[in-house]
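Undergrad: Sequence and computational prediction follow.
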Amino acid sequence: MTATVALSGVGKRFRTVEAVRDVSFSLDEGEIVALVGHNGAGKTTLMKLMLGLIQPTAGSVRVLGEDPASGAFAARRRLGFLPESVSFNSALTGRETLAFYARLKGEPVGEALALLERVGLGAAGGRRVGTYSKGMRQRLGLAQALIGAPRVLLLDEPTTGLDPALRQSFYEILQELRGRGATILLSSHALSELEGETERVVIMNRGAMVADGSLAELRRLARLPVRVRLTA
Ligand code: ATP
């Protein structure tokens, strides 16, 4: 396994708020890992650090072997991101939306449009995004994140608010990407949403990493006298 993302002793302070402190973990190729925690636990801050949008105040962040906050970050195009609330121009069709993002990212439009099929929106590609359901918009968001065939995908609460069937179809796409060697980190408020979908879970609480392991391991720990809270 090759580590695609490596965090070592990472801290991030915003004035008086210590959003993240002393977080270390690494992610491998072909892994789906969930980042779980309450509101304000530091999940989005960790993603922003991995995207290179902000600099750590302590420790180091490496993505595909480079510092993502460096101007010289050559692997930027190999990093895909789905923000927590992605809003599209409702007057554009799904195809127009992906063509727009492909141009923005300097990637071939034809390849971007092929992603519509991949996320199950092939038939709806000619419809305006304003007519899409929440699940369809989430899948369009995923297609946008997949432009340029990223090796690392960061998805901020991608399944929040989706019904179980939509969540299931979303995870099927992620499993397929994982099979092709992508590293996928997705954040979630609740462990219950992840059942059977991710092998590994990193739990954050008030900026600190409190657990990193498989769901089964974490459950076993929860049964020990030292209480580990598993419901985020
Ligand atoms: P949510 O589930 O609500 O998205 P989260 O786990 O993603 O929460 P973060 O958004 O990373 O949490 O926030 C962690 C802490 O850092 C919070 O206390 C938040 O208020 C604070 N914070 C995040 N960004 C900033 C900022 N730019 N300036 C000041 N404080 C910030």
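TA: Okay, I see it. Residues are numbered from 1 along each chain as shown.

Undergrad: next SSE after the helix or strand in which residue 114 is found?
TA: In the assignment (DSSP states H and E), residue 114 maps to helix 109-118. For helix 109-118, the following helix or strand on the C-terminal side (DSSP H and E) is helix 134-146.

Undergrad: average pLDDT for stretch 198-205?
TA: Across stretch 198-205, the average pLDDT comes to 90.

Undergrad: Show residues contacting it.
TA: With C-beta atoms under 8 Å, 6 or more residues apart in numbering as the test, stretch 198-205 has contacts from 23, 25, 31-38, 41-43, 46, 186, 191, 194, 209-215, 218, 229-230, 232. From N, CA and C alone the C-beta is placed, and that goes for glycine too.

Undergrad: Spell out which parts of the protein neighbour the ligand.
TA: Contact residues (C-beta under 6 Å from any ligand atom) of the chain with the ligand: 14, 17, 19, 37, 39, 40, 41, 42, 43, 44, 45.

Undergrad: Can you flag the buried ones in those residues?
TA: Neighbour-count burial (16 or more other C-beta atoms under 10 Å) applied to those gives 19, 37, 41, 42, 43, 44, 45.

Undergrad: pLDDT averaged over the helix or strand containing the last one - what is it?
TA: Using DSSP H and E, residue 45 sits within helix 43-51. Averaging the model's pLDDT scores along helix 43-51 yields 96.

Undergrad: what residue ranges in this protein score low on pLDDT?
TA: 1, 222-232 (pLDDT under 70).
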